[in-house]
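J.: Give me the fold of what follows.
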Amino acid sequence: MTGRVLIVDDEKPQRMMLRAVLEDAGWEVAEADGGKAALEKVAEVEPEAVLLDMRMPDMEGSEVLERLLADRPGLPVIMLTAYGTVGSAVEAMKRGAFDYLSKPADNDELVAVLDKAREWGRLHRENRELKQRLTAGPDMVGQSAPMRRLAELIEQVGPSEATVLIQGESGTGKELVAERLHTASQRADGPLIKVNCAALPHELLESELFGYEKGAFTGANKAKPGRFQLAHGGTIFLDEVGELDTGLQAKLLRVLQERTVEPLGSTRQVKVDVRIIAATNRDLEAEAQKGNFREDLYYRLAVLVVRIPPLRERMEDLPLLAAHLLRKLGEKNRKDVRDVSPAFLEALRGHDWPGNVRELENVLERALVLARADSLTPDLLPPQLRAGGGDAAAGGESAAEGAQEEGISLDQAEKSALEDALRRHGGHRQKTADALGISRRTLQYKLKKYGLTSR
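T.: Below is the predicted model:
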């Protein structure tokens with residue numbers, strides 16, 4: 001099959017003639033007898049191209065074109081024009097139509113134009129998907145109230161130049177939030193340099209942050225720029241900033257105040273144009289009050305504070321989050337898990353997740369790797385989760401265990417979460433996509449997959 005095309009024309013003989021030609025050329029053909037029918041049919045058919053008549057009784061072709069492209073940017077629409085409407089077709093091309101053909105269309109020309117339209121549409125989709133992957137930032141899955149508030153705050157804070165302090169327990173995704181803030185900023189085309197302040201000894205961390213000159217210390221055979229210099233024009237992310245010793249805290253404060261760094265072994269000041277995003281799992285305000293962290297540095301870092309909710313505060317996200325992680329882990333481990341038992345989900349809900357999303361991901365990967373079938377059951381969980389999930393999770397004689405034979409598919413869990421999100425946002429696609437932390441295109445794909453409708 002070459003591709004799917006939707007023919008929109010109020011004249012049945014014209015549709016029949018076009019269908020015969022295109023089916024002979026290998027196209028899968030769908031028909032609509034007017035503009036209103038076309039707008040309904042396009043969601044069902046998901047065509048790779050549309051043949052659209054310029055003149056129809058119920059709606060002008062130009063209006064149908066505008067509404068089609070508003071909902072599906074990049075859909076190739078070829079206008080069919082009768083004598084005297086060529087000027088209108090040219091105007092339609094200015095509004096986004098791919099091409100136009102005069103009636104009756106030459107068969108060879110019709111097929112050739114459709115083939116070009118299909119290829120153009122494919123390239124357009126690939127370019128959009130690549131751009132979305134580069135700019136949309138990492139996945140932040142969740143529709144709970146805490147996650148919606150987090151998404152709204154990132155949208156507000158991201159475009160600013162203000163320093164941001166991200167607070168959250170280990171495993172909540174502080175690095176993902178930093179990436180989202182960077183991609184939402186005016187510095188998105190610049191570098192995002194990440195530094196884990198707890199991963200390096202203090203004596204090495206100073207040279208990593210600020211750089212050094214040749215001969216600054218034994219082994220410094222050549223000058224090396226620091227992470228602040230590498231981040232020039234972009235963002236530097238200081239993870240676990242609460243682990244800095246007092247000396248480095250003083251130097252960081254100077255960078256924040258003067259926007260300059262002094263490489264080790266140098267007396268010169270190097271200007272740096274960076275936005276600073278810091279993260280910590282500690283209560284820095286309390287640490288500052290105790291004298292364990294510089295109070296002036298804390299207030300410089302905490303211009304804007306973004307708090308990430310722990311998983312236990314957003315347990316309603318668990319089914320959607322588990323489905324998302326299992327698909328990702330399935331691709332990584334080349335295993336296809338299609339179902340999770342009710343008892344398995346109940347065990348997940350019964351745990352308080354001190355390690356948050358990172359712990360959940362590790363538990364799910366363990367279960368997926370050990371699974372011998374395409375369904376996850378409680379026996380695949382670590383003992384502490386089987387014991388903590390109640391009788392059903394432990395494999396006892398409960399109603400939930402009896403229902404285990406049925407299983408709840410990942411698709412069912414995801415569909416339920418999508419339906420709930422759509423209801424919350426009145427069927428509005430963009431708001432629903434934002435709440436779920438996915439792109440509009442991904443949402444459209446999932447709506448089609450599960451046969452859901454929205455506006």
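
J.: For the stretch 301-450 of the chain, just list every one of the strands.
T.: Using DSSP state E, counting those that start in this stretch, the strands assigned to the stretch 301-450 of the chain run over residues 304-307, 339-340, 375-376, 408-409.

J.: do the stretch 151-300 of the chain as well
T.: Along the stretch 151-300 of the chain, counting by DSSP E, counting those that start in this stretch, strands occupy 164-167, 192-196, 211-212, 224-225, 235-239, 260-261, 270-271, 275-280.

J.: Just give the nearest non-adjacent residue to Phe210, would you?
T.: In this structure, Phe210 finds its nearest non-sequential neighbour in Gly226, 4.3 Å apart by C-beta to C-beta, 6 or more residues apart in numbering. Heads up, the C-betas are built off the backbone N, CA and C, glycines and all.

J.: Now for that neighbour, how many residues are close by?
T.: As a burial measure, Gly226 scores 23 neighbours (other C-beta atoms under 10 Å).

J.: circling back to that earlier point, any chance of JSON lines for the strands of the stretch 151-300 of the chain, columns mean neighbour count?
T.: As requested, the strands of the stretch 151-300 of the chain are exported to JSON lines (neighbours: other C-beta atoms under 10 Å):
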{"stretch": "strand 164-167", "mean neighbour count": "24"}
{"stretch": "strand 192-196", "mean neighbour count": "19"}
{"stretch": "strand 211-212", "mean neighbour count": "22"}
{"stretch": "strand 224-225", "mean neighbour count": "16"}
{"stretch": "strand 235-239", "mean neighbour count": "24"}
{"stretch": "strand 260-261", "mean neighbour count": "18"}
{"stretch": "strand 270-271", "mean neighbour count": "14"}
{"stretch": "strand 275-280", "mean neighbour count": "26"}
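
J.: Please name whichever of those is nearest to Met315.
T.: strand 164-167 (20.2 Å; C-beta to C-beta).

J.: follow-up on the earlier one: present the strands of the stretch 301-450 of the chain as JSON lines; the columns should include distance to Gly34.
T.: Listed next are the strands of the stretch 301-450 of the chain as JSON lines, based on distance: least, C-beta to C-beta, whole Å:
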{"stretch": "strand 304-307", "distance to Gly34": "50"}
{"stretch": "strand 339-340", "distance to Gly34": "43"}
{"stretch": "strand 375-376", "distance to Gly34": "47"}
{"stretch": "strand 408-409", "distance to Gly34": "39"}
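
J.: Select, out of those, the one closest to Phe237.
T.: Checking the strands of the stretch 301-450 of the chain against Phe237 by C-beta to C-beta gives strand 304-307 as the closest, at 12.4 Å.

J.: got the CA coordinates for that closest one in CSV?
T.: Output of strand 304-307 as CSV, limited to C-alpha atoms (Å, rounded to 0.1, in the frame of the first residue of the first chain):
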residue,chain,number,x,y,z
LEU,A,304,13.3,31.5,42.7
VAL,A,305,12.6,28.2,44.5
VAL,A,306,11.2,25.2,42.6
ARG,A,307,10.1,22.3,44.9
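
J.: Give me the average confidence score over that strand.
T.: When pLDDT is averaged over strand 304-307, the result is 96.

J.: Now do the buried residues in it.
T.: Going by neighbour count (16 or more other C-beta atoms under 10 Å), the buried part of strand 304-307 is Leu304, Val306.

J.: Report all helices and strands that that strand contacts.
T.: With contacts taken as 3 or more C-beta pairs under 8 Å, 6 or more residues apart in numbering; DSSP states H and E, strand 304-307 sits against helix 145-157, strand 164-167.

J.: Taking their axis directions, the longest one and strand 275-280 sit at what angle?
T.: Helix 145-157 and strand 275-280 are oriented at 160 degrees to each other (axes from the mean of the first three to the mean of the last three C-alpha atoms, to 10 degrees).

J.: With adjacent residues omitted, what lies nearest to Asp9?
T.: Take Asp9 and drop its neighbours on the chain: the residue closest to it by C-beta to C-beta, 6+ apart is Asp53, 4.2 Å away.

J.: mind checking how far that neighbour is from Ala43?
T.: Going from Asp53 to Ala43 by C-beta to C-beta, to the nearest Å gives 20 Å.

J.: Comparing the two, which residue is more hemmed in?
T.: Asp53 (25 against 14).

J.: List just the one of the strands of the stretch 301-450 of the chain that sits closest to Gly427.
T.: In terms of C-beta to C-beta, the element of those nearest to Gly427 is strand 408-409, at 24.0 Å.

J.: Okay, and the beta partners of Asp53?
T.: Applying DSSP bridges to Asp53 gives these bridge partners: Leu80.

J.: Counting neighbours, what do you get for the residue nearest to Lys332 when sequence neighbours are not counted?
T.: In space, and not counting its chain neighbours, Lys332 is closest to Glu365: 8.0 Å by C-beta to C-beta, 6+ apart. The number of residues packed near Glu365 is 18, by other C-beta under 10 Å.

J.: close enough to count as contact, Arg429 and Gln444?
T.: Yes - Arg429 lies in contact with Gln444 (C-beta atoms under 8 Å); the separation is 7.1 Å.

J.: Show me where the chain dips below the pLDDT cut-off.
T.: Within the chain, the stretches with pLDDT under 70 are 1, 83-86, 89, 126-139, 338, 387-413, 434-435, 437-442, 445, 454-455.

J.: contacting residues for the closest residue in space to Leu348 that isn't next to it in sequence?
T.: With sequence-adjacent residues excluded and distances taken as C-beta to C-beta, 6+ apart, Leu348 is closest to Leu318, at 5.9 Å. Leu318 is in contact with Leu311, Leu345, Leu348, Arg349, Leu360, counting by C-beta atoms under 8 Å, 6 or more residues apart in numbering.

J.: Closest one of these to Val261?
T.: Nearest member of those to Val261, counting by C-beta to C-beta, is Leu311, at 37.3 Å.

J.: mind listing what the closest one touches?
T.: Gly171, Thr172, Asp317, Leu318, Trp353, Asn356, Val357, Leu360.

J.: change it to 7 Å
T.: Leu311 is in contact with Trp353, Asn356, Val357, Leu360, counting by C-beta atoms under 7 Å, 6 or more residues apart in numbering.

J.: Any chance of CSV for the residues you listed, columns distance to Arg149 and neighbour count?
T.: Listed next are the contacts of Leu311 as CSV, based on distance: C-beta to C-beta, whole Å; neighbours: other C-beta atoms under 10 Å:
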residue, distance to Arg149, neighbour count
Trp353, 19, 22
Asn356, 17, 19
Val357, 17, 22
Leu360, 21, 19
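
J.: Go ahead and confirm Arg227 touches Glu208.
T.: Yes - the pair Arg227 / Glu208 is scored as a contact, 5.9 Å apart, by C-beta atoms under 7 Å.

J.: Before I go, just wanted to say thanks for your time.
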